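K.L.:
The following block contains a protein sequence and its predicted model.
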Amino acid sequence: MVSTVRTVPGVSVRGGLDGTISVAVDKIGDRRVVMARTSSDRRRGALAREDGESLVRAADLALHLRVPLCLELSSSGADIAVGLDALHGWGNAAAAIARCSGVVPVVTAAVGPVVSGPALLLGLSDLVVLTPDAVAFVSGPSMVEAFTGVRLGPRDLGGPGVHATTSGLCALEADDAVDAMEMLIGYLPDHTDAEPPFVPTDDPVSRHTAGLHDIVPVQERASYDVRDVARSVMDDGELCELWGRWAPQLVTAFARLGGHAVGVVGNQPKSLAGTLDISASQKGARFVRLCDAFNLPIITLVDTPGFLPGKDLEWRGMIRHGAELAFAYGEATVPRLCVIVRKAFGGAYIVMDSKGLGNDLCFAWPQAQVAVMGASGAVQILHRRASADERAAREVEYRERYLTPWEAAERGFVDAVIDPAETRAKLAAGLDLLVTKREVLRGRKHDGGPL
């Protein structure tokens, strides 16, 4: 299924070619974009060399005009009848899209099958939208069965559900690709040297968020939905959550605060108690880098007991992938505001944009617990030979002395301990304070961060 762009008439580019890719400088809503889309009724959307060249032209034009690049794909892969020329064409397209990375937003919607090599174009995009008809994979069901003996249908191998929950490819599922792209680019600037769109709001930044007292339970082990916290703080209670079904223990979303577009990162106590694992670290790192590339301030809501333990996680690279989140925050230059809602323990506290990683402002609620670990774990290590009664007494002592935000505030790791009802007002004031923030970076070819 290929959706129809409901826009003003655009200017076609390379319109005389008999290919499956059409390119136009067009509008989505009130935003000018370069739109490239496949026509699946021609050779099932298979890409020949000229189609790759059209994608190169679209990417180069987006860079030249400094506007978002929007792709709408439904392709059976490189055109076998054309042979190596087709492979060369989509390879050139991949290089051109890579050149757009971090300069202009690249938003791609899969509206049908996107298979074989061209499926990798989805992975090069900043944000990927999948419609119900989308299917995406590099190696198809027959090849998977031949090599592994496992029989799967196309949707079981690469349908929207798979990419939204398991692979992490799909940032947003939507019935209408264009509506979804319009919503996403509404939070992003045209290019990296521009500010995100400002949307005036009638929601006063001084509004008290007294309801947060009821949302977050007093009991430290009780769960709640961090999205409710974010909605209470943000303009009009609106969030645009991305990768919502992948690594659900970490929430990533676009929102607005005082009319300014921001990125929100929050631990989700409802899922795995808000612990961080490999997928959550990758999800957070990818979102932080996206916000940093396109000038969205980052607001981090912290409530995590630590990293998720496990042999398989360690063997699969928890150290390397956990470092991705620390690296993303550490190199981010946009305004960064942090709120410690409840638990902030150990290394997970550090990688959730702690003061040590360079956040600009760190607030904590009075019930926040900032420590190396919880009371039970600490007492088991420090007083392992004590009796049960002695350990219980030590736990109470440890909790009262160390599991408070005041210890961190005395050391400058927390800038202010605030009433939850003041959270929106304090964050908005901090954002206004940091609006002129600029950092001068050392020149380098590119970072060598963990991947």
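P.N.:
Sure, I can see it. Numbering: from 1, shown residues only.
K.L.:
Contact partners for the most centrally placed residue in the chain?
P.N.:
For the chain, the residue nearest the mean C-alpha position is residue 287 (2.8 Å; C-alpha atoms, centre = their mean). Shown in contact with residue 287 (C-beta atoms under 8 Å, 6 or more residues apart in numbering): 242-243, 252, 263, 265. For the C-beta atoms, the positions are set from N, CA and C on the backbone; glycine is no exception.
K.L.:
Residue 138 too?
P.N.:
In this structure, residue 138 makes contact with 115-117, 119-120, judged by C-beta under 8 Å, 6+ apart.
K.L.:
Other residues contacting the helix or strand where residue 178 lies?
P.N.:
Taking DSSP states H and E as the criterion, residue 178 maps to helix 177-185. Here helix 177-185 makes contact (C-beta under 8 Å, 6+ apart) with 3-6, 28-29, 31, 33, 68, 70, 72, 105, 107, 109, 111, 127, 129, 131, 171-172, 174, 240, 254.
K.L.:
that older thread, of the contacts of residue 287, closest to residue 204?
P.N.:
If you rank these by distance to residue 204 using C-beta to C-beta, residue 263 comes first, at 22.2 Å.
K.L.:
so which helix or strand takes in the residue nearest to the closest one when sequence neighbours are not counted?
P.N.:
Leaving aside its chain neighbours, residue 263 sits nearest to residue 291 (3.7 Å; criterion: C-beta to C-beta, 6 or more residues apart in numbering). Residue 291 belongs to helix 278-293 when elements are defined using DSSP H and E.
K.L.:
can you give me how far that helix is from the chain middle?
P.N.:
A distance of 5 Å separates the centroid of the chain from that of helix 278-293, by C-alpha atoms, centre = their mean, to the nearest Å.
K.L.:
Stretch 341-360 now?
P.N.:
Taking C-alpha atoms, centre = their mean, one finds the center of stretch 341-360 at 18 Å from the center of the full chain.
K.L.:
With stretch 159-178 instead?
P.N.:
Distance of stretch 159-178 from the chain centroid (C-alpha atoms, centre = their mean) equals 13 Å.
K.L.:
what comes up buried for that stretch?
P.N.:
Across stretch 159-178, burial judged by 16 or more other C-beta atoms under 10 Å covers 159-160, 162-164, 168-174, 177-178.
K.L.:
In helices, which of these appear?
P.N.:
Members of these lying in helices (criterion: DSSP state H): 160, 162, 177-178.
K.L.:
so residue 123 makes contact with residue 169?
P.N.:
Yes. Using C-beta atoms under 8 Å, residue 123 is in contact with residue 169, at 6.7 Å.
K.L.:
what's the burial count for residue 331?
P.N.:
16 (other C-beta atoms under 10 Å).
K.L.:
Over to residue 200?
P.N.:
If you count neighbours by other C-beta under 10 Å, residue 200 ends up with 9.
K.L.:
Look at it and give its secondary structure.
P.N.:
coil (DSSP: H, G, I helix; E, B strand; the rest coil).
K.L.:
ok, for it, nearest residue in space, not its chain neighbours?
P.N.:
Computed as C-beta to C-beta, 6+ apart, the closest residue to residue 200 that is not its neighbour in sequence is residue 259, at 5.3 Å.
K.L.:
Please look at the one you found and residue 198 and confirm they touch.
P.N.:
Yes. Between residue 259 and residue 198 a contact is recorded at 5.1 Å, counting by C-beta under 8 Å.
K.L.:
out of these two, which sits in the more crowded spot?
P.N.:
residue 259 (14 against 11).
K.L.:
just so I have it, where are all the strands in the stretch 351-451 of the chain?
P.N.:
361-364, 369-371, 416-417 (DSSP state E, counting those that start in this stretch).
K.L.:
pLDDT of the second one, averaged?
P.N.:
In this case it means strand 369-371. The average of the pLDDT scores along strand 369-371 is 87.
K.L.:
on that earlier part again, so of the contacts of residue 287, which two are at opposite extremes in space?
P.N.:
243 and 263 (12.3 Å).
K.L.:
Report the set of residues contacting both of the two.
P.N.:
Contact criterion C-beta under 8 Å, 6+ apart; residues shared by residue 243 and residue 263: 252, 287.
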